[in-house]
Structure formats: structure tokens, C-alpha cells
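J.: sequence isn't available, so here's the structure alone:
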């Protein structure tokens, strides 16, 4: 039996507004100035899209506010929402991890946030997210 392939999507400008969930890998790529990541975010913004960052993913990427100026600006932008890991999301993430026999609650919070937002996830961690939700729409960065 073959391994499930990730459904890779593009973010198109002039399309319907789209919500994009960014995981830690996407945030790190953005902070490092990755041209593909920056182009993807520009395209999403051109399409009146919005960015959603699970708070745990931000914590994984955040290290030095004096050096991470671009990431700080992205996380505070009016087109970005940082979603808290509250009790409801934390419990749901724990249950999802239990069902999928994995332990990364931050990945689970990314998946659950994307489900709730009906969003594309931008990630460098396709395999782990796919394990949590085989039907998730992913964009590999």
C-alpha cells in the first residue's frame, strides 16, 4: 500500500479570500527570509487572505525579539490572528494525539486550528501533520 501523498496547493492572488495557518516551520522560513515563504504570504494578502498562527507554533519559533523583528511584525499585523491554546483546544489536541498515537500537541493544535478555520496549512512538517489528519490541505515550505 502506497504512502498517502500530501495535497499541495498554491495560494493564488485575486482569488477568494483564503485563510492560511502557519506552523513553526513556516514562521522560521519567514523569519529567515525564505523567498518562497514571503511570496506565498504576499499572494495570500493580495487575495485578501488572513494568517492564523497557533500560539504554540509561535512559541516554537520565537527566540529573540530584538532579532526577530519581521516575525514580530507578522504576528502583530492586522491580517494575522494568533490563536491561544485554551482549555478546549488543549483537550482536543490531547485527544487527537491519543487517537493518532503521536505526542506533539502543538502539531495537533495546528491541525485543529486549520480544521476550524477551513484553512490551508503552510508547513515544513507535512508528514507529521498528515499523520494527524490525512485530509488536511497542506502547502509544503
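T.: Arrived safely. Computed from a predicted structure; not experimentally measured.
J.: tell me who's in contact with the closest residue in space to residue 49 that isn't next to it in sequence.
T.: Take residue 49 and drop its neighbours on the chain: the residue closest to it by Cβ to Cβ, 6 or more residues apart in numbering is residue 18, 4.2 Å away. C-beta here means a position set from N, CA and C on the backbone, and glycine is covered the same way. Residues in contact with residue 18 (Cβ atoms under 8 Å, 6 or more residues apart in numbering) are 11, 44, 47, 49, 119-120.
J.: would you map the helices across the protein?
T.: 24-31, 35-46, 55-61, 69-76, 87-100, 105-117, 126-132 (DSSP state H).
J.: tabulate the ones you listed (a markdown table), appending distance to residue 139 and mean pLDDT.
T.: Below are the helices of the chain laid out as a markdown table (distance: least, Cβ to Cβ, whole Å; pLDDT from 0 to 100):
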| stretch | distance to residue 139 | mean pLDDT |
| --- | --- | --- |
| helix 24-31 | 8 | 97 |
| helix 35-46 | 7 | 92 |
| helix 55-61 | 15 | 98 |
| helix 69-76 | 16 | 96 |
| helix 87-100 | 21 | 98 |
| helix 105-117 | 11 | 98 |
| helix 126-132 | 9 | 97 |
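J.: name the residue closest to the centre of the chain, please.
T.: Per Cα atoms, centre = their mean, the C-alpha nearest to the average position across the chain is that of residue 22, at 2.3 Å.
J.: what residues sit buried inside stretch 52-71?
T.: 52-58, 60-62, 68, 71 (16 or more other Cβ atoms under 10 Å).
J.: quick check: the farthest pair among these?
T.: 52 and 68 (18.7 Å; Cβ to Cβ).
J.: is it correct that residue 93 is in contact with residue 112?
T.: Yes: between residue 93 and residue 112 there is a contact under Cβ atoms under 8 Å: 6.0 Å.
J.: quick check: closest non-adjacent residue to residue 102.
T.: residue 131 (6.2 Å).
J.: any idea how far residue 108 is from the residue nearest to residue 49?
T.: 22 Å (Cβ to Cβ, to the nearest Å).
J.: next: residue 73.
T.: For residue 73, the distance to residue 108 - Cβ to Cβ - is 28 Å.
J.: among those two, which residue is more densely surrounded?
T.: Neighbour totals were compared for residue 73 and residue 108, and residue 108 leads with 28 against 10 (other Cβ atoms under 10 Å).
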